[in-house]
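got a sequence here, can you model it:
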Amino acid sequence: MENKGKTKHFTGYAIAVLLLVSFLLNLAAWCSTSFSDFYVMHVFPLWVETYGRFSGLFPISIGELLLYMAVPLVITFVVFLGVWVGFLVVNMRKDPEERKPCPAFIRVYLGFVLLVTAIVVLLLTLNCYILYHATPFSSRYGLTGSGRSYSAEELGILRDYVVNHANALAEEMERDEQGQVITDTDQEQQAVEEMKRLGEQYPILSGYYPKPKKLGLSWFFSQQYIMGYYFPFSMEANYNRGMYITNMPVTICHELSHLKGNIYEDEANFIGYLACVDSEDKLFRYSAYLSVIGYLNQDFKKAVGADSEEYKKHPAISEKVKQDRVFLTEEAWAQVEETSMLNTETVQKASNAFLETNLTVNGVSQGIISYSEVVQRLLEYYEGKLY
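Model prediction:
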């Protein structure tokens, strides 16, 4: 009995300490950019070098596995919590001398789940939440231009630059009998090499990178329109193996950039673009242009009007580029719908709500729209180069 009491107290103390440390770290991050910058540059890399290396030893995604293990944990927690509340209600109705203590297995399990939750909160704080308060990549390396506003004409120049390069590369791609792009490049290794190359110019991107991993249940992530996933619990960069090949190079580089402390999605999009656009591999360059062409074209349409004469003066996006700008092929979508046990619309709504909440809570006021902020990053980057 004495040992059980000690275990109970230890668990309670451990939960309290973990939550307190998480709170203090979050408070420091919100209050001090200098603290967050120091953490990103000198502390965060330790996690990649240690258990990022460990999780990299396994061929499957440890983060994805943990995600699925959390489902039964949450379900059983709700059940046990309901039993515990029911027990308390029944017990309170009895005379004091007839009341019984809550069964030990219920208390132990609830304590275990609370301990796991406290550990998850700490890991999210260390590997995600603090990063939101560090200096963004573009600002860190002076890639923010002059700070002025950009005209529709300048946006059009940038848009045309990307469209022309994409159109030209579309004609150079190797394709199968169905006209789909194919490659014999090891995209995972190539992406790591491209990120290391970029790290020679931007030191925050230098150092060790674990091998990117394919997501196992790609149909589930496809229903959420997720191309890649950074798992802060395992320090892994994962990508959707079911998506069309032209998405893969820039997506893998995007997810690898998160492993270097670049948590903002527009910055990760920008880094993925930079890593791929100067590659010697044609597919990587093509992937870079395709990753931003939609954002640029959409913003340019808003600026001048989709049916305006001004828009019609600019080069059109070729049919091959349009064909290659897909998330999944029709065949892949059919397989997703056939394999899935859940409705795609329901899954997507739930995913968007979670992502929107997560971004907003961490100070990204634009929410999901922040992904398209890469247009601003590109306008700043190409200032003085194209206009």
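
where do the helices sit along the stretch 101-250 of the chain?
Counting by DSSP state H, counting those that start in this stretch, the stretch 101-250 of the chain has helices at residues 104-124, 137-140, 152-172, 187-199, 218-223, 248-258.

need the ones you listed in a markdown table (columns: mean neighbour count).
For glycine as for every other residue, the C-beta is placed from the backbone atoms N, C-alpha and C. Formatted as a markdown table, the helices of the stretch 101-250 of the chain follow (neighbours: other CB atoms under 10 Å):
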| stretch | mean neighbour count |
| --- | --- |
| helix 104-124 | 16 |
| helix 137-140 | 18 |
| helix 152-172 | 18 |
| helix 187-199 | 20 |
| helix 218-223 | 23 |
| helix 248-258 | 28 |
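
make a markdown table out of these and add distance to residue 303.
Putting the helices of the stretch 101-250 of the chain into a markdown table (distance: least, CB to CB, whole Å) gives the following:
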| stretch | distance to residue 303 |
| --- | --- |
| helix 104-124 | 38 |
| helix 137-140 | 22 |
| helix 152-172 | 4 |
| helix 187-199 | 30 |
| helix 218-223 | 32 |
| helix 248-258 | 24 |
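
of these, which is nearest residue 94?
Distances from residue 94 to each of these were compared by CB to CB, and the smallest falls on helix 104-124, at 17.5 Å.

CSV please, covering the helices of the stretch 101-250 of the chain and showing mean pLDDT and distance to residue 325.
Formatted as CSV, the helices of the stretch 101-250 of the chain follow (pLDDT from 0 to 100; distance: least, CB to CB, whole Å):
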stretch, mean pLDDT, distance to residue 325
helix 104-124, 90, 33
helix 137-140, 97, 25
helix 152-172, 97, 9
helix 187-199, 98, 18
helix 218-223, 90, 16
helix 248-258, 98, 12
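
who wins for proximity to residue 302 among those?
Of the helices of the stretch 101-250 of the chain, nearest to residue 302 by CB to CB is helix 152-172, at 9.3 Å.

give me every residue that touches the residue nearest to residue 205 when sequence neighbours are not counted.
In space, and not counting its chain neighbours, residue 205 is closest to residue 199: 3.8 Å by CB to CB, 6 or more residues apart in numbering. By CB atoms under 8 Å, 6 or more residues apart in numbering, residue 199 lies in contact with 205, 206, 207, 260.
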